[in-house]
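Undergrad: I would like the atomic coordinates for the input below:
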Amino acid sequence: MLSKCANPSCSNEFHYFGEGKVFEIRWGSSSATHSGYGKKRKHTEHYWLCSSCSATLTIAMDSAHNILVIPRPNEEADRAIA
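TA: The predicted structure is shown next:
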């Protein structure tokens, strides 16, 4: 989904790869076949956050394969605690 920013509250449209950040999300699942062997299915989707949103947000996937736009970890705060 590269037509617009993945942040639902942002309306910026994707124009080219040099702007913002593209995320490649991959996951796999097994499904039983009639022969009894599992078949591995791999899925890949792409998401884009505009420059403004990617400064403070990132993309994640939960255990149900839902895509989430979440705040980026604050690296400065992490360093101060350590």
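Undergrad: Spatially central residue in the protein, please.
TA: residue 59 (3.6 Å; CA atoms, centre = their mean).
Undergrad: Which residues are in contact with the nearest residue to that one once chain neighbours are set aside?
TA: Using CB to CB, 6 or more residues apart in numbering and skipping residues adjacent in sequence, the residue nearest residue 59 is residue 23, 4.3 Å away. (Glycine included, C-beta is placed from N, CA and C.) Applying CB atoms under 8 Å, 6 or more residues apart in numbering to residue 23 gives the contacts 6, 46, 47, 48, 49, 58, 59.
Undergrad: quick check, nearest of those to residue 74?
TA: residue 58 (11.7 Å; CB to CB).
Undergrad: Check the burial of the closest residue to the closest one other than its chain neighbours by counting its neighbours.
TA: Spatial nearest neighbour of residue 58, chain neighbours left out: residue 72 (4.8 Å); criterion: CB to CB, 6+ apart. Residues lying near residue 72 (other CB atoms under 10 Å) number 12.
Undergrad: Confirm for me that residue 72 is in contact with residue 57.
TA: Yes - with contacts counted by CB atoms under 8 Å, residue 72 reaches residue 57, the gap being 6.1 Å.
Undergrad: Buried among the contacts of residue 23? Need that as a selection in ChimeraX.
TA: In ChimeraX, this line selects whichever of the contacts of residue 23 come out buried by 16 or more other CB atoms under 10 Å:
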select :6,47,48,49,58,59
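Undergrad: Is it possible to get JSON lines of the contacts of residue 23 that adds pLDDT and secondary structure?
TA: JSON lines is the format used below for those (pLDDT from 0 to 100; DSSP: H, G, I helix; E, B strand; the rest coil):
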{"residue": "6", "pLDDT": "95", "secondary structure": "coil"}
{"residue": "46", "pLDDT": "92", "secondary structure": "strand"}
{"residue": "47", "pLDDT": "94", "secondary structure": "strand"}
{"residue": "48", "pLDDT": "95", "secondary structure": "strand"}
{"residue": "49", "pLDDT": "96", "secondary structure": "strand"}
{"residue": "58", "pLDDT": "96", "secondary structure": "strand"}
{"residue": "59", "pLDDT": "95", "secondary structure": "strand"}
